[in-house]
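**Q** Test case, fold it:
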Amino acid sequence: MKTSKTKMLLTRSLLAGAIFGLVLTPIGATAFMRSIDDEQIIHLDRMSGTNFMEHYAHSDIEEFGFTGIYFEPVRSEIPAHRLYDQDIRPSRIDNLAVEFHDMILATFEDSGLLTSTPTATTLVISTTLTDVQRFTADRTGTHLANVPPDNRERGGATMEMVWRAGSGGEIVLAIRDGRQPEIYDPVTDQDDRMTDIRDAFGVWTDELAFFFAISDPVPTN
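**A** Residues are numbered from 1 along each chain as shown. Here you go, the predicted structure:
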């Protein structure tokens, strides 16, 4: 893989920030990074006009000359009590984190951008789940599909993504983002309490693919 190609794609990724998440709506307008301290991103510029909760980027990110991308395993930093309050076992979210990571790797498998051994010139991307909300619906009988939208509580997820120059290296980009469908949006899988969480994973995976020019933009329907 040529360094110039990767540099070009990283530059495009910064410009593409505003279109991230066109399928689901942001959970909120402001937030704070939990997986890293403020001091770690003080050298980054806060990007405005994007569709992220928070978006920070190095002003010279295209000068790093990355030669490949390595996605670290997705991890969860959601307090156990917040999961138990939703009748969710922490191990279930750990499994979903693995599923999310597998989705990303599958999407990038044929891109020519992945490396299995990160070096100083590798773009290392770490992803952390910081919140999830399951899909619930009040129902009568056994016909969940017929539950009126007003009786639904939609789920979703919040994550943080940190891009580094090599393992443990300088942070060149940081994102915090949350996705949750509107109450009247179609439910992907009526029988899956994690369906809205999985949809959020799908949005982020698709937009990552577009960031690095390995897929077309997600339709805006």
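**Q** which residues in the chain form helices?
**A** 3-15, 80-84, 90-108, 195-211 (DSSP state H).
**Q** Just name the most buried of those helices.
**A** Across the helices of the chain, the average number of neighbours (mean count of other CB atoms under 10 Å) peaks for helix 195-211, which reaches a mean of 21. In short, each C-beta sits where N, CA and C put it, glycine included.
**Q** before we move on, back to that, is it possible to get the helices of the chain out as TSV so that each row also shows distance to residue 180 and mean pLDDT?
**A** TSV is the format used below for the helices of the chain (distance: least, CB to CB, whole Å; pLDDT from 0 to 100):
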stretch	distance to residue 180	mean pLDDT
helix 3-15	24	50
helix 80-84	16	96
helix 90-108	16	97
helix 195-211	7	92
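**Q** who wins for proximity to residue 60 among those?
**A** For residue 60, the closest of these is helix 3-15, at 10.5 Å, according to CB to CB.
**Q** contacting residues around residue 92?
**A** Listed by CB atoms under 8 Å, 6 or more residues apart in numbering, the contact partners of residue 92 are 83, 194.
**Q** And for residue 194, the neighbour number?
**A** By the other CB atoms under 10 Å criterion, the neighbourhood of residue 194 contains 21 residues.
**Q** List the contacts of residue 153.
**A** Residue 153 makes contact with 133, 135, 136, 137 under the criterion CB under 8 Å, 6+ apart.
**Q** Mind jotting down where the strands sit in the protein?
**A** Per DSSP state E, the chain has strands spanning 25-26, 45-46, 54-57, 68-71, 75-76, 122-133, 136-137, 152-153, 156-165, 171-180. These are given in chain order.
**Q** can you put those strands in TSV and add distance to residue 204 and mean pLDDT?
**A** As requested, the strands of the chain are arranged in TSV below (distance: least, CB to CB, whole Å; pLDDT from 0 to 100):
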stretch	distance to residue 204	mean pLDDT
strand 25-26	13	54
strand 45-46	20	88
strand 54-57	13	89
strand 68-71	12	95
strand 75-76	15	97
strand 122-133	8	97
strand 136-137	22	87
strand 152-153	22	88
strand 156-165	7	96
strand 171-180	7	94
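**Q** would you turn these into a markdown table with distance to residue 84?
**A** Shown next, in a markdown table, are the strands of the chain (distance: least, CB to CB, whole Å):
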| stretch | distance to residue 84 |
| --- | --- |
| strand 25-26 | 27 |
| strand 45-46 | 35 |
| strand 54-57 | 28 |
| strand 68-71 | 29 |
| strand 75-76 | 14 |
| strand 122-133 | 12 |
| strand 136-137 | 15 |
| strand 152-153 | 17 |
| strand 156-165 | 17 |
| strand 171-180 | 21 |
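**Q** Which stretch among those approaches residue 111 most closely?
**A** Ranking these by their distance to residue 111 (criterion: CB to CB) puts strand 68-71 first, at 8.3 Å.
**Q** Please name every helix or strand in contact with the closest one.
**A** Contacts of strand 68-71 with other secondary structure elements, assessed using 3 or more CB pairs under 8 Å, 6 or more residues apart in numbering; DSSP states H and E, are made with helix 90-108, strand 122-133.
**Q** quick check, nearest of the contacts of residue 153 to residue 176?
**A** Minimum distance to residue 176 across the contacts of residue 153 is 16.0 Å, recorded for residue 133 (CB to CB).
**Q** Leaving out chain neighbours, which residue sits closest to the closest one?
**A** The spatially closest residue to residue 133, leaving aside those adjacent along the chain, is residue 155, at 4.5 Å (CB to CB, 6 or more residues apart in numbering).
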